[in-house]
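Student: Model the following, please.
(one chain, ligands or ions: 1)
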Amino acid sequence: MLPVALLAQKHEVENVSSHFLNGRKCISNFHAVAIGQENADNIRSKLPLLTAQAATDFVLESEQASLAGRHYSFVQFLKGLEVYQSQVRVSTNGKGTVTAVLDNSVHQPVFVHEKLKAVSALPFIQPLLNGKQLHTQKEMWLPDADNKLRNVYVLKTEGAHGSWSEVIADNHNIIFERDLNMYFAPPDSTVKGFVFLPDPLTTAGKVYGGIYVDNADADAQWLTDERKQIDFTADFDNGTFRLRNSFVRISDYDLPSLAVATSTTPEFNFTRSQSGFEQVSVMYHISEFGKYVQQMGFNNANVLLEADAHAVNGADNSYFAFNYNPMRLYFGIGGVDDAEDADVVIHEYSHFLSYRASPNSNVGPEREALDEAFCDYNAASYSRAINAFNWGRVYNWDGHNEFWNGRVVNSSKIYPANMGSSIYRNGEIWSSMLMQLWSDIGKAVTDKLIFQAHFSFAQNMSFLDAANLLLQADQQLFGGQYYCPITQRLHERGLLPAGKTLCPIGIDEVANELPVQVFGSENWLVITSGETLWNATVEVFDASGRSVYTAPMHDGTHRMNTQGLSAGIYIIKVKADARSKVMKWLKKH
Ligand SMILES: [Zn+2]
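Tutor: This is a model prediction of the structure:
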């Protein structure tokens, strides 16, 4: 039986923990603190938060490296017992300065009772587990929103289809159950195969309906025609090619039981009715995205993952389970096979990448919405770069049909007015804001910013904390070059953090043949293009028509220092071949 609530899966199924721990919010601090020599011990002894409470001890739980620095999670212990969901996430610039602290620890705790009566919860909990296997149990403090702590057992159980959950119990009852599913490299050889790239409707330029339907996974000529031939690396062992490489290993650990395809030639050629087709699809899209993450310079794809391309016993859902080694992905085959749509593959893989960037941090209603948004954003960013048709829809093939509605990344929803109870629908605010930045400043920059930010993500954080971390990532990776477009888009969504101001603009469009935007601040103009422009130039004229500035524009972005210009009206002209964009600009000071 499937659990009632799965965390971080594809569809809109809510997670009960959001409701149980409602009211606990992390305390965030983005002020720089110098700590000298950078290591966990020094952070613990120099940060006032981690030393202030005498009865408190903080233990290092994990440590990650990102492009901009290092990231540490400490968990809180009181009277020798760990406090449930008490992570303090500390980010540094890698050079002895703490840049962000997101604190979920309990301050001024009130102890409700001291010690559990039984040594083990097992005798009374076993009959309540409905046949699930008990893996670990730990005595912990469970805090509520008022910092009252009660003594509980925290148990990890495993049910069918990789449905791990965390069960919290006292001496007699289960208090709540939280689902934990989120939703070797021998010599590799290059092999060929066929996949949808990113899905058959996008490449056909169609929407779901008519002949463009799933038809119970049957082959159809139009679907076979939409397959694209691709290369990927596979393992070659004893004369046999296998679907595994340093990113992912295709396995069959869940029902339905369908053998993993192998080949004696370097070719994996299948049509969609064959199970090898979905296996190659998972293999290819994960490998491509994993390579891309490595090329960006991040290390969170450098660990092997396992994937079952036909899982969850026929259900129309997919998820990520981190309680295995290697961690696992499950792709359902209800409705359209999930693994046939690159958006689903990249979404689930992104949960793994987020987990690897900041382990055990996906807790709390806004934090969970941010994870769904990251996964939807990555899916949209990946497939929009391949083919921009209908890019505002995620899951073009798997969703937006009779099986489920899918989601969008071009929503106009704002924070907090349009926040509801669904982490998936709330996530559309953040993913849609990121896709606007994608159009403004490009895929490469936006991808890098959101990946960097995820390394500092923490339990119970808010959308505004994420906004601060996005701006910090821009400061750390690009010297603040994109401050103006980012604050503008955050502002439009109701997400401009306190203390951040918009750039004064005062720019009117005169002619608009190029997808170019200009953002202005006191001393800078940032000119960005949504498409890659070759041979583009930026020219600025004063009110008398005299040219005062000329520069080539490279890589879709140009930053111009305007300090030397006196106040007044200017004309900004961006030209690329026969097209141009002309804007009138009022420099106020
Ligand atoms: Zn998800």
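
Student: CA only for contacts and neighbour counts going forward, please
Tutor: Noted.

Student: Helices of the stretch 151-300 of the chain, residue ranges please.
Tutor: 200-204, 221-225, 275-296 (DSSP state H, counting those that start in this stretch).

Student: how about CSV for the ones you listed, with mean neighbour count and distance to the ion added?
Tutor: CSV is the format used below for the helices of the stretch 151-300 of the chain (neighbours: other CA atoms under 10 Å; distance: least, CA to the ion, whole Å):
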stretch, mean neighbour count, distance to the ion
helix 200-204, 21, 22
helix 221-225, 14, 27
helix 275-296, 21, 16
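
Student: Hmm, Arg24 is touching Lys148, no?
Tutor: No: contact criterion CA atoms under 8 Å: Arg24 and Lys148 do not qualify, at 11.6 Å.

Student: between these two, which one's more packed in?
Tutor: Each of Arg24 and Lys148 has its neighbours counted (other CA atoms under 10 Å); Arg24 has more, 21 against 16.

Student: Tell me which residue in the stretch 301-450 of the chain sits closest to the ion.
Tutor: Using CA to the ion, the single residue of the stretch 301-450 of the chain nearest to the ion is Glu372, 4.7 Å away.

Student: which SSE is that residue in?
Tutor: Glu372 is part of helix 365-386 when elements are defined by DSSP states H and E.

Student: What about the closest residue to Gly442 other than its chain neighbours, how many residues nearby?
Tutor: Excluding its sequence neighbours, the residue lying closest to Gly442 (CA to CA, 6 or more residues apart in numbering) is Gly530, at 5.9 Å. The tally of other residues near Gly530 (other CA under 10 Å) stands at 19.

Student: Look at Gly530 and report its pLDDT.
Tutor: Listed pLDDT for Gly530 reads 71.

Student: right, and it touches Val516 too?
Tutor: Yes: counting by CA under 8 Å, Val516 is a contact partner of Gly530 at 6.5 Å.

Student: Tell me how far Glu539 lies from His589.
Tutor: 20 Å (CA to CA, to the nearest Å).

Student: again, but for Ala301
Tutor: Taking CA to CA, one finds Ala301 at 48 Å from His589.

Student: where does the protein have low pLDDT?
Tutor: Scanning the chain for pLDDT under 70 picks out the ranges 1-23, 52-55, 114-119, 181-188, 504-509, 521-522, 555.

Student: Quickly list the domain ranges of it.
Tutor: Segmentation of the chain into domains, based on automatic domain parsing, reads 7-21+111-179, 27-103, 188-357, 365-492, 516-587.

Student: could you dump stretch 80-88 to PDB, C-alpha only?
Tutor: Coordinates of each C-alpha in stretch 80-88 appear next as PDB, following Å, rounded to 0.1, in the frame of the first residue of the first chain:
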ATOM      1  CA  GLY A  80      22.500  14.700  26.200                       C
ATOM      2  CA  LEU A  81      19.600  14.100  23.800                       C
ATOM      3  CA  GLU A  82      19.300  15.400  20.200                       C
ATOM      4  CA  VAL A  83      16.500  17.900  19.500                       C
ATOM      5  CA  TYR A  84      14.300  16.900  16.500                       C
ATOM      6  CA  GLN A  85      14.700  19.200  13.400                       C
ATOM      7  CA  SER A  86      17.100  21.600  15.200                       C
ATOM      8  CA  GLN A  87      19.600  22.200  12.500                       C
ATOM      9  CA  VAL A  88      21.700  25.300  12.400                       C
END
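
Student: Show me which positions of that stretch end up buried.
Tutor: Within stretch 80-88, the residues scored as buried using 16 or more other CA atoms under 10 Å are 82-88.

Student: Out of the residues you listed, which is nearest to the ion?
Tutor: The ion has its nearest neighbour among those in Gln85, at 20.5 Å by CA to the ion.

Student: Could you pull out the strands in the stretch 201-350 of the chain for me?
Tutor: With strands called from DSSP state E, counting those that start in this stretch, the stretch 201-350 of the chain shows them at 228-237, 240-242, 248-250, 262-263, 267-268, 305-311, 318-321, 327-332.

Student: what would the ones you listed look like in a markdown table with mean neighbour count?
Tutor: Formatted as a markdown table, those follow (neighbours: other CA atoms under 10 Å):
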| stretch | mean neighbour count |
| --- | --- |
| strand 228-237 | 19 |
| strand 240-242 | 20 |
| strand 248-250 | 24 |
| strand 262-263 | 16 |
| strand 267-268 | 18 |
| strand 305-311 | 28 |
| strand 318-321 | 30 |
| strand 327-332 | 27 |
